[in-house]
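Enquirer: The following block contains a protein sequence and its predicted model.
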Amino acid sequence: MVLGRNNILSNIIILMELAEVNQKLTKEQKQAVGILSIGTFLEYFDLMLYVHMAVLLNDLFFSKTDSFSASLLSAFSFCATFVFRPIGALLIGWIGDTYGRKSTIMLTTSIMAISCIAMANLSTYDQVGILASVAVTLCRIIQGMSSMGERIGAEIYVTEMIRPPKVYPAVAFVGVCASLGITGALFIANLAISHAFNWRVAFWMGAIIAFIGIFARVTLRETPDFADAKKELHKLCNNLKIDKRKLNESLVYIQKINKKSAISYFLIQLSYPVWFYFSYIHCANILKYTFNCTVEEIIYQNFIVSIGHLTAEILLVYLSSFIHPLKILKTLFYIFIPFLLLTPLLFNNITSPFELMLIQIFIVSFSPSAFPASPVFYKSFPVFNTNCNN
């Protein structure tokens, strides 16, 4: 009799899992993914526009007479974007835990829109001197902090809106839009340098699209996970007037961080700026000084590399629909490590820009990252860090 009941329960669980796998996204879920993906595209378009136009813009915002100081300040401008991203993630993450996921993505889009307007109207070094260098660096810091909060906020929103396994390709699609933003920035940079396209117009375009994204996101609702957890917490906090021990009965309140997953996610996130710099900036210097490529040729090659990266991510989104993301990450890791060991040998035997381009594409496609397993890591964190006064 007991065995019979166990078999029935097992069959029910299997049927529920099959139903969940075959379940399609609702109209609201599709709209949320679309709106959030557009915002992420914009954020990374604006963030990377300066990076890929640095050859042109550094001459406008940094001293031309002192080459050493100009190089140092321009390098700091680039690094500051990534150095301050963890601070942005902590600050905006606290806002998301306190006021909700929707508040986070609205805030980050607004910050990026304002910074784009500021970038489009900045005075050059010839006009205001060192103030131009300081202003552009501050804008880059703000953009870096905003972009990290934007992408993480958007991915967490989707993670809490959609259940596995549909959540994996849905969140991965947000990451693809970030890569699409990088490709779009390279395309505009190519136009700006090769066809004398006004760079200020590009930042104005980004600001306008950002404001459109803000109004579109007003329609989003708070995620069910956060809303339900908040209701339970408030209910328990109200009951504390009678018995404070009741708060410890809440699974929401006592939920702990999975330390192993948190450390793994932190280390993976630290590696992204390294591979990005190596693929797009360091390799650009090799093209310039070893193969004597022009600025137009360097940006065009980076544009092709970004298309290769985008194609690889689209393939991973497709694979994540029926292969668990952690298995995909392990496979990518096992492929990348042997290549990394061979990298010094490969770079010593490069004979053409095309060979370098193949190496660039491989690095950006297989380098360690949380993509497409971000939802798995996010589920290791509590819904929010609670405070009864909130």
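Expert: Great, that's in hand.
Enquirer: for the stretch 201-350 of the chain, what spans make up the helices?
Expert: Along the stretch 201-350 of the chain, the segments classed as helices by DSSP state H, counting those that start in this stretch run 224-239, 251-254, 259-276, 283-289, 295-319, 325-348.
Enquirer: other SSEs contacting the last one?
Expert: In this case it means helix 325-348. Applying 3 or more CB pairs under 8 Å, 6 or more residues apart in numbering; DSSP states H and E, one finds that helix 325-348 contacts helix 353-366, helix 374-378. Just so you know, the C-beta spots here come from the backbone N, C-alpha and C atoms, and that holds for glycine as well.
Enquirer: ok, now the third one?
Expert: Taking 3+ CB pairs under 8 Å, 6+ apart as the contact definition, the neighbouring helices and strands of helix 259-276 are helix 353-366, helix 374-378.
Enquirer: can you list those helices in JSON lines and add distance to Pro164 and mean pLDDT?
Expert: Shown next, in JSON lines, are the helices and strands packed on helix 259-276 (distance: least, CB to CB, whole Å; pLDDT from 0 to 100):
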{"stretch": "helix 353-366", "distance to Pro164": "25", "mean pLDDT": "94"}
{"stretch": "helix 374-378", "distance to Pro164": "7", "mean pLDDT": "85"}
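Enquirer: Phi and psi next, for Thr219.
Expert: Per-residue torsions, Thr219: phi -80, psi -10 (degrees, to the nearest 10).
Enquirer: And it, what's its pLDDT?
Expert: Here the pLDDT value assigned to Thr219 is 73.
Enquirer: Now whichever helix or strand Gly88 is part of - C-alpha only, CSV.
Expert: Here Gly88 sits within helix 85-99, counting by DSSP states H and E. C-alpha atoms of helix 85-99 as CSV (Å, rounded to 0.1, in the frame of the first residue of the first chain):
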residue,chain,number,x,y,z
ARG,A,85,30.8,48.6,-10.7
PRO,A,86,30.9,46.5,-7.5
ILE,A,87,30.1,49.7,-5.5
GLY,A,88,27.1,50.3,-7.8
ALA,A,89,26.0,46.7,-7.4
LEU,A,90,26.1,47.0,-3.6
LEU,A,91,24.3,50.4,-3.5
ILE,A,92,21.6,49.6,-6.1
GLY,A,93,21.3,46.0,-4.7
TRP,A,94,20.4,47.5,-1.3
ILE,A,95,17.8,49.7,-2.9
GLY,A,96,16.4,46.7,-4.7
ASP,A,97,16.2,44.7,-1.4
THR,A,98,14.6,47.6,0.4
TYR,A,99,12.2,49.2,-2.1
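Enquirer: What is the neighbour count of Tyr300?
Expert: Residues within reach of Tyr300, counting by other CB atoms under 10 Å, total 18.
Enquirer: before we move on, what about Phe303?
Expert: 18.
Enquirer: now Gln29
Expert: For Gln29, the neighbour count with other CB under 10 Å is 17.
Enquirer: got a list of contacts for stretch 185-193?
Expert: Stretch 185-193 has contacts (CB atoms under 8 Å, 6 or more residues apart in numbering) with 44-49, 51-53, 55-56, 197-199, 202, 295-296, 299-300, 302-303, 306.
Enquirer: no no, stretch 342-357
Expert: Cys283, Ile286, Leu287, Thr290, Phe291, Cys293, Glu297, Gln301, Ile304, Val305, Ile359.
Enquirer: again, but for stretch 148-158
Expert: 32-33, 36-37, 39-40, 43-44, 85-86, 88-89, 91-93, 96, 101-102, 104-105, 107-109, 112, 167, 170-171, 174-175, 178, 220, 223, 374-375, 378.
Enquirer: ok, back up a step: check the contacts of stretch 342-357 for burial and list the buried ones.
Expert: Neighbour-count burial (16 or more other CB atoms under 10 Å) applied to the contacts of stretch 342-357 gives Cys283, Ile286, Leu287, Cys293, Gln301, Val305, Ile359.
Enquirer: Fine by me, we can end here.
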